[in-house]
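> Provide a 3D model corresponding to the input given below.
(one chain, ligands or ions: 2)
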Amino acid sequence: MAKTNTTFFCQNCGTQYAKWLGQCKSCNEWNTIAEEIILKEEKRNWKQTSETKKANKALKINEISIDKEDRISTNNNEFNRVLGGGLVKGSMLLLGGEPGIGKSTLLLQIALKIPKKVLYVSGEESQSQIKMRAERLQITNTNCLILTETNTQNIFKIIEDVNPDVVVIDSIQTLHTEYIEASPGSISQIRETTSELIKFAKETATPVLLIGHITKDGAIAGPKILEHMVDVVLQFEGDRNHTYRILRANKNRFGSTAELGIYEMQNIGLREVENPSEILISQKEDDLSGTAIAATLEGMRPLMIEVQALVSTAVYGTPQRSSTGYDIKRLNMLLAVLEKRAGFRLGAKDVFLNIAGGIKVDDPAIDLAVISAILSSNEDVAIPQDFCFAAEIGLAGEIRPVNRVEQRILEAEKLGFTKIFISKFNKISKINHNIKIIKVTKVEDIFSNLFA
Ligand code: TYD
Ligand code: MG
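Ligands and ions are numbered 1, 2, ... in the order given. So this is what the prediction gives:
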């Protein structure tokens, strides 16, 4: 006879308590602890026969044979790049992102293009809704099965029937298992359904792709342990009002987390963007003041990004500072540096900063372009469109070297820029570049180079 048990879980961090508390001791959030009923049963495997498995033996490391990592190419270059070459057999992948950013679209597109038998399980949309989306994507496929189901035991039954090579689940928060009575989306359901799916993935060497919702602060909803359990955690991000989407790996047991994929949301689905630099720079005829191009690196890929600044006289007593796509604290720091070290009087000015294309940048090498754009707007003198910048600014107003500057220079050269401003302390081995490299040491140097 099944035994009913109740436990209390913090819905924010997943910590388990024996009794109710007003505040979680682990994450200090108030009113997040809720009771969940757990129905314990002996067998809770995806397949009951697998219980009889023998215990593993310890082996000497030199005796362990490895089969070459078996990867399934997804027919989507950007996705393959982020994964490090394709889906690894038996791996669990979790894709997180804001609502409406395109998670379901991305995974449906991959499910339809992958040359394997795919089972796409949705707990969020009906079969006809998915069919409509597939029609919108204009991909014909006869190898992709669509199932609307939220009970894991039923899903496993179908899996045994159809024997898919890849399983997609949209989304983990809608699943529930019979062995636990908590509602779908609760901490214990998420943890239990994920571990059932992991067991299935590992035992059958089938890759499982999960979609996960995120909370309002951007973390994947559910216990943190979810991210520990899976092999790969991908983040799909972008500004909903813009068309560009960036796919990042936050965790990857089979590859680097430095790679990223870029997509453009079109009305026929997500287009892979192979040459991102060309699209992120806005097209314009005349030189306009207040814009500067930064040679940044996003992961391993060089990206030319346009920084736009607007400096105007403050209308109110306290000047406004606002920034889109760039850390506001860092902007304030750069303004303080300009004020203190170089004597530019920006204290009485409003400063607005924007990274074109709606993307977020955290590469410090963008600093020099940021101050150049601010100065350009302040002076109302345009920076020629074929100049670009790659350096970090220190608190003393010094211009600091950045990593892999050669790669940035090559990208700028390839795209036809004529001058690149970098730190004097960046060592460059190759001398014969078609682009003029201007080395600067202090913020004042930039001013005298561009506007004096
Ligand atoms: P969706 O994949 O449903 O987002 P998520 O699963 O992350 O919540 O994507 C929804 C948005 O994408 C929706 O607002 C419409 C847009 N979209 C397009 O612009 N073009 C398309 O071809 C598709 C399928 C969706
Ligand atoms: Mg969705």
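> separation between Ala249 and ligand 1?
Look at Ala249 and ligand 1: by C-beta to the nearest ligand atom, to the nearest Å, they are 17 Å apart. For every residue, glycine as well, the C-beta is placed using N, CA and C.
> pretty sure that residue belongs to a helix, no?
No. The secondary structure assignment for Ala249 gives strand rather than a helix, going by DSSP: H, G, I helix; E, B strand; the rest coil.
> what's the closest non-adjacent residue to it?
Here the nearest residue to Ala249 in space, its sequence neighbours aside, is Thr257; by C-beta to C-beta, 6 or more residues apart in numbering that works out to 4.5 Å.
> my read: that neighbour touches Gln235, true?
No. Taking contacts as C-beta atoms under 8 Å, Thr257 lies outside contact range of Gln235: 10.3 Å.
> for Ala369, see how far away Val405 is.
Between Val405 and Ala369 the computed distance is 14 Å (C-beta to C-beta, to the nearest Å).
> tell me which of the two has more neighbours.
Ala369 (29 against 21; other C-beta atoms under 10 Å).
> what's near enough to touch the nearest residue to that one once chain neighbours are set aside?
With C-beta to C-beta, 6+ apart as the criterion, Ala369 has its nearest non-adjacent residue at 3.4 Å, and that residue is Ala294. Under the criterion of C-beta atoms under 8 Å, 6 or more residues apart in numbering, the contact partners of Ala294 comprise 304-307, 361, 363, 365-366, 368-370, 388-390.
> name the element Ala294 belongs to?
Ala294 is part of strand 291-298 when elements are defined by DSSP states H and E.
> what packs against whichever helix or strand comes after that strand?
Along the chain past strand 291-298, the next helix or strand (assigned with DSSP H and E) turns out to be strand 301-313. Other elements packing on strand 301-313 under the criterion 3 or more C-beta pairs under 8 Å, 6 or more residues apart in numbering; DSSP states H and E are helix 276-280, strand 291-298, strand 349-355, helix 367-379, helix 405-414.
> which other residues reach the fourth one?
Which is helix 367-379. With C-beta under 8 Å, 6+ apart as the contact definition, helix 367-379 has outside contacts at 289-294, 305, 307-311, 326, 330-331, 334-335, 337-338, 344, 346, 349, 351, 353, 382-383, 388-393, 399, 421, 443, 446-447, 450-451.
> PyMOL command for the buried members of those?
Listed next is the PyMOL selection for buried residues among these, using 16 or more other C-beta atoms under 10 Å:
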select buried, resi 289+290+291+292+293+294+305+307+308+309+310+311+326+330+331+334+335+337+338+344+346+349+351+353+382+383+388+389+390+391+392+393+399+421+443+446+447+450
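> let me see the mean pLDDT of the host helix or strand of Thr194.
When secondary structure is defined using DSSP H and E, the element that contains Thr194 is helix 187-204. What helix 187-204 shows for mean pLDDT is 91.
> OK, contacts around the residue nearest to Ile435 when sequence neighbours are not counted?
Across the structure, with C-beta to C-beta, 6+ apart as the measure, the residue nearest Ile435 apart from its sequence neighbours is Glu413 (4.3 Å). Applying C-beta under 8 Å, 6+ apart to Glu413 gives the contacts 433-435.
> between these, which has the most around it?
Each of these was scored for neighbours by other C-beta under 10 Å, and Ile435 scores highest at 18 neighbours.
> wait, that residue touches Lys414, no?
No. With the criterion set as C-beta under 8 Å, Ile435 and Lys414 do not qualify as a contacting pair; they are 9.3 Å apart.
> start and end of stretch 122-141, how far apart?
One end of stretch 122-141 to the other measures 18 Å (C-alpha to C-alpha, to the nearest Å).
> which positions within the helix holding Thr194 qualify as buried?
Applying a neighbour-count criterion of 16+ other C-beta under 10 Å, one finds 187-198, 200-201, 204 buried in helix 187-204.
> how about these, which pair is most distant?
Put simply, by C-beta to C-beta the two of the buried residues of helix 187-204 set farthest apart are Ile187 and Thr204, 26.6 Å from each other.
> chain center to stretch 164-182, what's the gap?
Between the mean C-alpha location of stretch 164-182 and the chain-wide mean there is a distance of 23 Å, by C-alpha atoms, centre = their mean, to the nearest Å.
> which residue is the nearest non-sequential neighbour of Ile437?
Using C-beta to C-beta, 6+ apart and skipping the chain neighbours, the partner closest in space to Ile437 is Ile420 (5.7 Å).
> packing partners for the helix or strand hosting the one you found?
Taking DSSP H and E as the criterion, the element that holds Ile420 is strand 419-423. The helices and strands touching strand 419-423, judged by 3+ C-beta pairs under 8 Å, 6+ apart, are strand 387-390, helix 405-414, strand 436-440.
> shaky segments in the protein?
Applying pLDDT under 70 to the chain flags residues 1-4, 39-54, 67-69, 218, 222-223, 278-285.
> could you pull out the helices in it for me?
With helices called from DSSP state H, the chain shows them at 77-83, 103-113, 127-137, 152-162, 187-204, 225-229, 276-280, 328-342, 367-379, 405-414, 443-450.
> kindly report the residues of the stretch 101-250 of the chain close to ligand 1.
Selection of the stretch 101-250 of the chain residues close to ligand 1 by C-beta under 6 Å from any ligand atom yields 101-105, 133, 136.
> now those residues in CSV, with neighbour count?
Supplementary listing: these in CSV, determined by neighbours: other C-beta atoms under 10 Å:
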residue, neighbour count
Ile101, 19
Gly102, 20
Lys103, 22
Ser104, 22
Thr105, 19
Arg133, 16
Arg136, 13
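> among those residues, which one sits closest to Leu145?
Distance to Leu145, by C-beta to C-beta, is smallest for Arg133 among these, at 15.2 Å.
> give me the spatial nearest neighbour of Thr177, chain neighbours excluded.
Leaving out its chain neighbours, the residue that sits closest to Thr177 by C-beta to C-beta, 6+ apart is Thr152, at 4.6 Å.
> touching, that neighbour and Thr193? I think so.
Yes. The pair formed by Thr152 and Thr193 meets the contact definition of C-beta under 8 Å, at 5.2 Å.
> tell me what the residue of the stretch 151-300 of the chain found nearest ligand 1 is bridged to.
Checking the stretch 151-300 of the chain residue by residue against ligand 1 with C-beta to the nearest ligand atom singles out Gly269 as nearest, at 4.2 Å. With DSSP bridges as the criterion, the beta-bridge partners of Gly269 are Gln266.
> okay, now the domains of the protein?
Structurally, the chain divides into domains by automatic domain parsing as follows: 1-42, 73-274, 279-450.
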